[in-house]
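Q: Pasting a predicted model and its sequence here:
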Amino acid sequence: MDLLEQLKKLLGLHRKTAPRPRKTKKPTPSPSAAFLQLDASDLLPITREELQSSLEELIRKGDFRFAARGTIPHGDDRTRLINRALLTQGLLTPEELDQIVRIAQEHERLQKALLLIDKDVQKAGTAAVKADREARAKRKEQKKAEAAQRKQDHADAVAQRRATDIVFLGPGVSGRLGQRESEVPRLEALGLPVLATPADVAQALGLTIPRLRWLAFHTEVAKRIHYVHFTVPKRSGGTRTLSAPHGLLAAAQQWILTNILNKLPLEAPAHGFRAGHSILTNAQAHVGRAVVVNMDLEGFFPSIGFRRVRSVFQRLGYSPAVATLLALLCTECPREPVVYAGEVYYVATGPRGLPQGACTSPALSNQVARRLDKRLGGLANKMGLTYTRYADDLSFSGEAALNEKIGYLMTRVRHLAEEEGFAVNEKKSRVLRRNTAQTVTGLVVNQKPSLPRKELRRLRALLHRARTEGLDAQNREGRPNFRAWLAGKIAYVRMVRPDVGARLQAEFQALLSR
C-alpha cells in the first residue's frame, strides 16, 4: 500500500460515498488566531475533494514528510492544510489547536536546551570516564606492584626458610616435620644429645641445612644416590647386596652411631654388634646342651622399614621432626638402575629399610628387636631353655626334655616373630642333637666353642703348601686381596681357639718374612 492510500485510509477518504457535509457557520477568528497567524482562508470549510487534491499535490512536490519521532509538526504548508481540515471539520477548536502549537514550540525549545545540556553532560561524562580509567589503571599498577612485592617477599621467605629450616623431605615421609618438641629430661637421663629441630641436627652433624636436606631427601627416582651397591657371595649360596654410603653420609651415620645408638641399652640375649660380645659369646651360652635349635629371621635388615626406625628415635624422646631426619639418614630404598633418554636413573624397587653396609643398621636392628628379645627370652625362661640372638640368628638350647617341646617352641617362635614384624626362614631352621655337630653362628658347641674341623684342616693345609709353593700360589679362588683374607681367617681362629690360632699366626708370619 503506498503512502497516498495510507493517508486516505487515515483521513477516511477511501470511503466510496462521502459523508453528508455538516452545516457549519462561518467561523470567526478567535484570540488564538493572532498566535496561530490564521487568516479567513484558514477557517473556510474544505471539501474532501479539495483536501485530497491538496494532499496529492504536496506528495508530488515531495513536501509531505513525516516528522521525526518525538516531535510535533507545525508551521509549514502541510500542517496548515491539516490544521484547516481539523478546524473546518470541527475536530479541534482554535483554542485546542493553539495549545498544541504552543506545546510543539515549547517542545522544540526544550529539545534544544536538552541538546546543549547533553553536550555538557557528555563532556562531563567523558571526563569522568577518563578519570575513572586513569584511576583504575593507577590502582591496577599499584596492585601489580603490591603483587610483585608479595611474590618477592614470598620468594625471600622461602629462600630464608630453605636456608634455615626443613619442612619437606619427600612424599610419604614429611608428615611430622612440623612437630618440634623433644622430651629434654628423658634425653638428658639417657645421656643423649638434645635435638629438637632440623637446625639442631644440622649443627650437630656439622652440615648446612641444604646439605642435610640433600642427604635425607626421599625420592622414588633419582639421578644420584648416596650409596654404592655391590654383591658378595653368601656362605649358603647365592649373593647378598651390600650398600656402602658415600663419605658425607657415612660421616653423618657414624655420628648417629657414636653419640646416640651406642649409648642405648640392649636386652641380654642380644650378642651381635655389641661391645664385649661376639659370635663366641653367643655360642658359649649353648655349650654342652642336649638339644640346640637354630632359627633364622628372613630379610632381617630390609624388613626393618623407615617407620620402625623413626619410632626408635621418637621413643628415646626426640621430636618427630628430628626422629624423621635421623631415620631418613639411616634408611634407603632398594634401587635398580634404568636408562631413559640416554640418562641413568636409580628407581626404587621397594620401601625404605636398613641398608646392609651402613654402620647404623646393626645397632638399629638391635633396638627394633628389643621387644622380640624380651618375648622370646620370656618364652625360653618359661620352658627352661637358653635363648640368644646374633643379628638374624635365633638359638635355643636345653636338655633332653626339649625334644618333647620342639614343635611347640618353633611354633611359638614363628608366631611371636610375626607379631613383631619379622618372618622366620623355615629353610634355615635346624634341630641339632648331641650325636651331630651342634653349631651356633658357625661355631661347634658340643663340648666347647670351636671351629669345624674341616675349616681348620683347610687352613693348616694351605699354610703347609705355601712353604713350598709360596703364599700367592694358594689363591686358587682368585680373591682380590688374598693375604688380607688369610690374615683375617687366622685372627678369627685365634679368637675362638687361641692356642690353635697362635700356631697358625706364627706360621703365617714366617711365610711373610721370606
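A: Ah, there it is.

Q: Contacts only, for Arg430.
A: By CB atoms under 8 Å, 6 or more residues apart in numbering, Arg430 lies in contact with Val293, Asn294. Quick note: C-beta positions are derived from backbone N, CA and C, even for glycine.

Q: Now do the strands in this protein.
A: Along the chain, counting by DSSP state E, strands occupy 221-222, 227-233, 239-245, 291-296, 335-340, 343-348, 386-390, 393-398, 430-433, 439-440, 443-444.

Q: how far away is the residue nearest the centre of the chain from Ala327?
A: Central residue of the chain (CA atoms, centre = their mean): Pro171, 4.9 Å from the mean position. Counting by CB to CB, to the nearest Å, the gap from Pro171 to Ala327 is 15 Å.

Q: what does Asn446 give?
A: Distance, Asn446 to Ala327, using CB to CB: 43 Å.

Q: Could you pull out the helices in the stretch 51-200 of the chain for me?
A: With DSSP state H, counting those that start in this stretch as the criterion, the stretch 51-200 of the chain has helices at 77-88, 94-164, 184-189, 198-205.

Q: From Arg371, how far off is the nearest residue to Ala268 once chain neighbours are set aside?
A: Of all residues not flanking Ala268 in the chain, Gly377 sits nearest, at 7.1 Å (CB to CB, 6 or more residues apart in numbering). Distance from Gly377 to Arg371, counting by CB to CB: 11 Å.

Q: In terms of neighbours, single out the busier of those two.
A: More crowded of Gly377 and Arg371, by other CB atoms under 10 Å: Gly377, with 19 against 14.

Q: Columns mean pLDDT and distance to Asp472 on top of the helices of the stretch 51-200 of the chain, output as TSV?
A: Output for the helices of the stretch 51-200 of the chain, formatted as TSV (pLDDT from 0 to 100; distance: least, CB to CB, whole Å):
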stretch	mean pLDDT	distance to Asp472
helix 77-88	74	136
helix 94-164	85	56
helix 184-189	95	54
helix 198-205	96	44
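
Q: Just say which of those is most tucked in.
A: helix 198-205 (a mean of 20; mean count of other CB atoms under 10 Å).

Q: Excluding sequence neighbours, find me the nearest residue to Gln179.
A: Pro320 (4.0 Å).

Q: nearest to Glu49, of the strands of the chain?
A: strand 335-340 (104.3 Å; CB to CB).

Q: With only the CA atoms kept, save that closest one in PDB.
A: Extracted in PDB, the C-alpha atoms of strand 335-340 (Å, rounded to 0.1, in the frame of the first residue of the first chain):
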ATOM      1  CA  ARG A 335      67.100 -49.500  43.800                       C
ATOM      2  CA  GLU A 336      67.700 -50.600  40.200                       C
ATOM      3  CA  PRO A 337      69.500 -48.500  37.500                       C
ATOM      4  CA  VAL A 338      67.300 -47.700  34.500                       C
ATOM      5  CA  VAL A 339      68.400 -45.900  31.300                       C
ATOM      6  CA  TYR A 340      66.000 -43.500  29.900                       C
END
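
Q: Isn't the residue nearest to Ala268 up against Pro269?
A: Yes - between Gly377 and Pro269 a contact is recorded at 5.2 Å, counting by CB atoms under 8 Å.

Q: Now the common contact residues for these two.
A: Common contact partners of Gly377 and Pro269 (CB under 8 Å, 6+ apart): Tyr387.

Q: Around the nearest residue to Gly501 once chain neighbours are set aside, count how many other residues there are.
A: Closest residue to Gly501 apart from its sequence neighbours, by CB to CB, 6+ apart: Arg494 at 2.6 Å. Residues lying near Arg494 (other CB under 10 Å) number 16.

Q: Ok, the one 3 residues further on next?
A: Arg497 has 19 neighbours, counted by other CB under 10 Å.

Q: measure the residue nearest to it when sequence neighbours are not counted to Arg460 for me?
A: Once flanking residues are discounted, Arg497 sits nearest to Ser450: 6.0 Å by CB to CB, 6+ apart. Distance from Ser450 to Arg460, counting by CB to CB: 14 Å.

Q: So for these two, which residue has more residues nearby?
A: Shown here are Ser450 and Arg460; by other CB under 10 Å, Ser450 has more neighbours (20 against 14).

Q: I'd guessed that one sits against Leu443; true?
A: Yes - assessed by CB under 8 Å, Ser450 is found in contact with Leu443 at 6.6 Å.

Q: Ramachandran coordinates for Phe168?
A: phi -150, psi 130 (degrees, to the nearest 10).

Q: For burial, what's the neighbour tally of the closest residue to it other than its chain neighbours?
A: In space, and not counting its chain neighbours, Phe168 is closest to Ser174: 4.9 Å by CB to CB, 6+ apart. Neighbours of Ser174 under the rule other CB under 10 Å: 17.

Q: quick one, phi/psi of Ser174?
A: Torsion angles at Ser174 (phi, psi; degrees, to the nearest 10) stand at phi -100, psi 0.

Q: Isn't it up against Ala216?
A: No - Ser174 is beyond contact range of Ala216, at 10.3 Å (criterion: CB under 8 Å).

Q: distance of His415 from Thr239?
A: Taking CB to CB, one finds His415 at 31 Å from Thr239.

Q: The residue nearest to Arg497 pairs with what?
A: Val444 (DSSP bridges).

Q: Next, the contact list for it, please.
A: Contacts were defined as CB under 8 Å, 6+ apart; by that measure Ser450 touches Leu443, Val444, Val496, Arg497.

Q: Tell me the predicted confidence for it.
A: Note on Ser450: pLDDT of 89.

Q: got it, and the one 5 residues further on?
A: Model confidence at Glu455, expressed as pLDDT, equals 87.

Q: For it, give its distance to Ile490.
A: Counting by CB to CB, the gap from Glu455 to Ile490 is 12 Å.

Q: neighbour count winner among the two?
A: Higher neighbour count among Glu455 and Ile490: Ile490, with 22 against 15, using other CB under 10 Å.

Q: do you know how far the nearest residue to that one once chain neighbours are set aside is from Pro210?
A: Closest residue to Ile490 in three dimensions, ignoring its sequence neighbours and counting by CB to CB, 6+ apart: Leu504, at 4.8 Å. Using CB to CB, Leu504 is found at 52 Å from Pro210.

Q: Thanks again, I'm all set now.
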